[in-house]
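*Asks:* got a sequence here, can you build the structure:
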Amino acid sequence: MAVLGVVKLVSSMGSQLILREPDPIIPITNRIVYIVIGCAELGLAFILSRRVNGILKLKLIASMAAVFCVYHVILLAYHWHGSCPCLGNATEWLHLDPPVAGRIVAFMNLYLFCGSVGILAYARFCLDVQNLSTWRWFEEGI
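*Replies:* Have a look, this model is predicted:
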């Protein structure tokens, strides 16, 4: 999460044309979107690195991933044919085709969302968290 946040912030400082273009969904430039999302990802990474309740960490990851998934679903609904600017200039640095990078990002979002929601559901419905000592370390913070 921290790496992606830094990538977005570094990408926002570039001079590429895509940074001056409006986001296909949000009526602001991609540069501003990169800065806001990069800061949010760094903030989330900071919280995840702290000794905070594990359930809260999973909820935060699921929330961030859900927002990203909804964004991609809206792009699909509007038949957006441009490349997803999610990684900014990183696609050029990594020599990735934009469609491939978009699929990688979509997979990462689904992985984060399904993984965190799956663990939360398992904890909620399958575990007796009151009596399970192995779960207590997770509730108290990692």
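*Asks:* what about residue 105, distance to residue 63?
*Replies:* Going from residue 105 to residue 63 by CB to CB, to the nearest Å gives 17 Å. All C-beta atoms are positioned from the backbone trio N, CA, C, and that covers glycine.
*Asks:* who's more crowded, the two?
*Replies:* Remark: of residue 105 and residue 63, residue 105 carries more neighbours, 17 against 13, as counted by other CB atoms under 10 Å.
*Asks:* for the more buried one, what are phi and psi?
*Replies:* Main-chain torsions, residue 105, degrees, to the nearest 10: phi -70, psi -40.
*Asks:* those helices in this protein, which residues are they?
*Replies:* Along the chain, counting by DSSP state H, helices occupy 2-12, 17-20, 30-49, 54-77, 90-93, 98-125, 133-140.
*Asks:* how about CSV for these, with mean pLDDT added?
*Replies:* As requested, these are exported to CSV (pLDDT from 0 to 100):
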stretch, mean pLDDT
helix 2-12, 84
helix 17-20, 82
helix 30-49, 92
helix 54-77, 88
helix 90-93, 69
helix 98-125, 84
helix 133-140, 54
